[in-house]
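> fold the following for me, if possible:
(2 chains)
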Amino acid sequence: MALPRGFLGVRGHALEWAHADSAGAPTEQRLMLAARQGDPSAFEALVFRFQTPIYNFCLRMLGQAEDAADVAQETFVQLYQHLHRLNLDEPVAPWLYRVARNRCLDVLRRRRTVPFEPPDEAGGTELADQQPLPDELAERADLQHLLLRAIATLPPAYAEVVSLRYAADRSFAEIASILNCDEGAARVRFHRAKALLREALRAASAEPA
Amino acid sequence: MLPAADMPDDVDRLFARLETAPVPAELTARVLGSTVGQPRLLSTIVWPWLLATVGGLIGLAGAGYLLGAQLASSPGLDLVEALLDDGTLVASAPGDVLAALAGEVPWSLLLVGAACLVLVLWAGGHVLAQPAPLRTQRG
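Next up is the predicted model:
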């Protein structure tokens, strides 16, 4: 694909933004302001800053690299289109994850391979699987594959909370903000998801490596 | 100290080893090609010019209709026809022609029509100068 006009020209500036940021400035707020004022290198620096966690979140949600890249791209395009409407006093990460999450759910709905039902946070079906996992699981050569497969077995409502926690390294407060629920509900959903993961991993550990 | 529920367990420790996948090499270029690679977003720049163009066209049509109606209901139309039929009138009696025109032509409407025409040309030029929006697509 041909690079956009000025791409090579702004690359150096974007790296300067990134370098300056590691030294304490500019803040995300400054980048957003500069991008809003039409500075392409500031927007590029924002993309550099968030593309890895956003892409990984999408990848864990969707399980397919191509779909994850598409959703990540759409998320940043939406950021660009909403630069003038976003509140600069609020961090942009939760907004990005919300957009990415909604796009991922759209893709999952289109696939129709898994039932999409929001979990019943107040439900009484307690998942009681707390048996420890076999120690040798951590030594398996195909551990990465097993972990991804375990996430893929989860219903989307659990996969999203697990992806936000493990792949995007978000706090429960941030997860609650992204999922538009309270922190307690986010914790409950995560612990139920973990019980399902434990079950899936134990089943996987019984298979030959 | 972390509450018991937040203490990492074996599942947490296992998923702490989940590797971060590298971002596809072309993702940044795709994002920039769909955003800053375009001079400006169509939605943010064209609509005001488009509205101005449409407004100008409506004004031009209204002014033209009223101008025609006023000329038709007065000797102004006959005067214009006479001037168009006989090109020598202006040369032979320019003062009389100008005086007749000044009295019969609705100049204010003519000015409004001219202003609308200028608006249409100016705003329409900006609309036509916008490049077609790029579609978001894979590399």
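
> count the neighbours of residue A:198 for me.
For residue A:198, the neighbour count with other CB atoms under 10 Å in any protein chain shown is 21. (Each C-beta comes from the backbone N, C-alpha and C, glycine too.)

> quick one: it and residue A:137 touch, right?
No - under the criterion of CB atoms under 8 Å, residue A:198 makes no contact with residue A:137, lying 10.6 Å away.

> next structured bit after the helix or strand that contains residue A:78?
For residue A:78, the host element (DSSP states H and E) is helix A:65-81. Using DSSP H and E, the next helix or strand after helix A:65-81 towards the C-terminus is helix A:93-111.

> how big is the angle separating the helix holding residue A:78 from helix A:93-111?
Counting by axes from the mean of the first three to the mean of the last three CA atoms, to 10 degrees, helix A:65-81 points 130 degrees away from the direction of helix A:93-111.

> where exactly do the helices run in chain A?
For chain A, the helices defined by DSSP state H occupy A:7-22, A:28-36, A:40-62, A:65-81, A:93-111, A:143-152, A:156-162, A:172-179, A:183-205.

> now check the third one, is it near chain B?
Yes - Helix A:40-62 reaches chain B (CB under 8 Å from any CB of the partner chain) through A:40, A:43-44, A:47-48, A:51-52, A:55-56, A:59.

> nearest to residue B:90, out of these: which one, please.
Distance to residue B:90 across these (CB to CB) is lowest for residue A:40, with 58.2 Å.

> ok, that closest one - how many residues close by?
Neighbourhood size, residue A:40 [other CB under 10 Å]: 21.

> now it, nearest residue through space, not along the chain?
Spatially, and ignoring its direct neighbours in sequence, residue A:40 is nearest to residue B:36 (3.7 Å; CB to CB, 6 or more residues apart in numbering or on different chains).

> how about residue A:79?
In space, and not counting its chain neighbours, residue A:79 is closest to residue A:96: 6.4 Å by CB to CB, 6+ apart.

> for the one you found, report the pLDDT, please.
The per-residue pLDDT reported for residue A:96 equals 95.

> which residues touch it?
Listed by CB atoms under 8 Å, 6 or more residues apart in numbering or on different chains, the contact partners of residue A:96 are A:50, A:54, A:75, A:79.

> tally of neighbours for the first one?
For residue A:50, the neighbour count with other CB under 10 Å is 21.

> what sits against residue B:122?
The neighbours of residue B:122, taking CB under 8 Å, 6+ apart as the test, are residue B:52.

> against chain A, how distant is residue B:81?
Residue B:81 sits 55 Å away from chain A, going by CB to the nearest CB, to the nearest Å.

> find the nearest non-adjacent residue to residue A:179, please.
In this structure, residue A:179 finds its nearest non-sequential neighbour in residue A:186, 6.1 Å apart by CB to CB, 6+ apart.

> in contact with the one you found, which residues?
Applying CB under 8 Å, 6+ apart, we find residue A:186 in contact with A:161, A:172, A:175-176, A:179.

> and if you look at residue B:124?
Shown in contact with residue B:124 (CB under 8 Å, 6+ apart): B:49, B:53, B:56.

> among the residues you listed, which ones are buried?
B:49, B:53, B:56 (16 or more other CB atoms under 10 Å in any protein chain shown).

> just give me the neighbour total for the residue nearest to residue A:40.
Applying other CB under 10 Å, we find 24 residues neighbouring residue B:36.

> does it touch residue A:77 like I think?
No - using CB under 8 Å, residue B:36 is not in contact with residue A:77, being 10.6 Å away.

> related to what we said a few turns ago, okay, buried residues for the helix holding residue A:78 please.
For helix A:65-81, burial by neighbour count (16+ other CB under 10 Å) applies to A:67-80.

> would CSV of those with distance to residue B:25 and pLDDT be doable?
Output for those, formatted as CSV (distance: CB to CB, whole Å; pLDDT from 0 to 100):
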residue, distance to residue B:25, pLDDT
A:67, 17, 94
A:68, 14, 94
A:69, 10, 95
A:70, 15, 95
A:71, 17, 96
A:72, 13, 96
A:73, 13, 95
A:74, 18, 95
A:75, 18, 96
A:76, 16, 95
A:77, 18, 94
A:78, 22, 94
A:79, 21, 95
A:80, 20, 93
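
> would you mind measuring from residue A:54 to residue A:195?
27 Å (CB to CB, to the nearest Å).

> who has more neighbours, these two?
residue A:54 (26 against 17).

> list the contacts for residue B:79?
Residue B:79 touches B:100-101, B:104-105, counting by CB under 8 Å, 6+ apart.

> thank you kindly, that will do.
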